[in-house]
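**Q** Build me a model from this:
(one chain, ligands or ions: 1)
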Amino acid sequence: MTIAASFTHRFVEYLPNVLEEGILYVSIRFRTASHLCACGCEYKVVTPLSPARWLITYNGASVTLSPSIGNWQAACRSHYLIIRDKVHWAKDWSEEQVEWASRRDARELLWQGSTGAGGSAVQKKRAGHPSKSRRKPLMPWRRRPD
Ligand SMILES: [Zn+2]
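**A** Reported below is the predicted structural model:
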């Protein structure tokens, strides 16, 4: 029964039946994250990972879960965010701040996703451009000697 100030993320294949306090379990295989409520009430929070539900951002060192966790079904009705493994209590936050934080995390996630996909798009553009620009200056140059 301790209030968690931060979580230690643990990537697992299967989520254990009995969760340890302060551990944020992430199963990529089953697209689910799970942890015990940060207030220490031992309420088991299950957050399915999907575009419509929760997003996990892993920066190589810590994990961000967004949007916020609202344990309205638990007696404690805790509301918090897990940003870079740290617990941010949403009760101290205004609605806008909560929204801003989850939007910012979503942006970070989008940005991270777009650098991966954008890399290949840039390469395609680069590969397409030289052949186009090469053809254009060649045409008038070829005509001149004729
Ligand atoms: Zn709780």
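**Q** where along this structure do the strands fall?
**A** With DSSP state E as the criterion, the chain has strands at 8-11, 23-27, 32-36, 44-48, 55-58, 63-70, 79-83, 86-89.
**Q** and the third one, what does it pack onto?
**A** Right, the one you point to is strand 32-36. strand 23-27, strand 44-48 (3 or more Cβ pairs under 8 Å, 6 or more residues apart in numbering; DSSP states H and E). C-betas here are computed from N, CA, C, even on glycine.
**Q** Give me the angle between that strand and strand 44-48.
**A** Our comparison of strand 32-36 with strand 44-48, counting by axes from the mean of the first three to the mean of the last three Cα atoms, to 10 degrees, yields an angle of 160 degrees.
**Q** Flag every buried residue along strand 32-36.
**A** The neighbour-count criterion (16 or more other Cβ atoms under 10 Å) identifies Thr32, Ala33, Ser34, His35, Leu36 as the buried residues of strand 32-36.
**Q** Let me know how buried Thr2 is, in neighbour terms.
**A** Applying other Cβ atoms under 10 Å, we find 9 residues neighbouring Thr2.
**Q** can you tell me how far the residue lying closest to it once chain neighbours are set aside sits from Ile82?
**A** By the measure of Cβ to Cβ, 6 or more residues apart in numbering, the closest residue to Thr2 outside its immediate chain neighbours is Gly40, 5.0 Å from it. In this structure, Gly40 and Ile82 are 15 Å apart, going by Cβ to Cβ, to the nearest Å.
**Q** Please list the residues of this protein that sit near the ion.
**A** Cys37, Cys39, Cys41, Tyr43, Ala74, Cys76, Ser78 (Cβ under 5 Å from the ion).
**Q** Can you say which of those residues are buried?
**A** When the residues of the chain next to the ion are checked for burial by 16+ other Cβ under 10 Å, the buried set is Cys37, Cys39, Tyr43, Ser78.
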